[in-house]
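need a 3D model of the sequence below.
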Amino acid sequence: MPKLIHSKYGYETPEWTAADARLEKWLKQKKKDEKRRSDERRILLQDNNHEKEGGAM
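Numbering: from 1, shown residues only. Here you go, the predicted model:
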């Protein structure tokens, strides 16, 4: 039986600990990318609204 490592999920094998680390890194990056895309959409919508208001005057 392989040596177990204590992680935040309990005692796991080194392979599972590495897999957990990769998944957490992936989830963190995905959340960061979604926020960036959301911010870009918000800025784009604000720019479009300003153009419409400026053109109507």
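
show me the helices in this structure, by range?
Along the chain, the stretches classed as helices by DSSP state H are 14-56.

lowest mean pLDDT among the helices and strands, pick that one out for it.
The weakest-scoring helix or strand in the chain, judged by mean pLDDT, DSSP states H and E, is helix 14-56 (a mean of 88).

taking the centroid of this protein, which residue is nearest it?
The centre of the chain sits closest to K31, judged by C-alpha atoms, centre = their mean, with a distance of 1.5 Å.

got the phi/psi numbers for K3?
Taking degrees, to the nearest 10, you get phi -70, psi 140 for the backbone angles of K3.

whoops, K8 was the one
In terms of degrees, to the nearest 10, the main-chain angles of K8 are phi -70, psi -10.

and the gap between it and Q46?
As judged by C-beta to C-beta, to the nearest Å, K8 and Q46 stand 40 Å apart. The way it works is simple: take the backbone N, C-alpha and C, and place the C-beta from them, glycine included.

next: M1.
58 Å.

more neighbours: which of the two?
Neighbour totals were compared for M1 and Q46, and Q46 leads with 10 against 4 (other C-beta atoms under 10 Å).

which elements pack onto the least confident helix or strand of the chain?
strand 5-7 (3 or more C-beta pairs under 8 Å, 6 or more residues apart in numbering; DSSP states H and E).

same for the strand it packs on, what does it pack against?
So strand 5-7, by 3+ C-beta pairs under 8 Å, 6+ apart, packs with helix 14-56.

quick check: E34 vs R41, distance?
11 Å.

again, but for P14
Distance from P14 to R41, by C-beta to C-beta: 41 Å.
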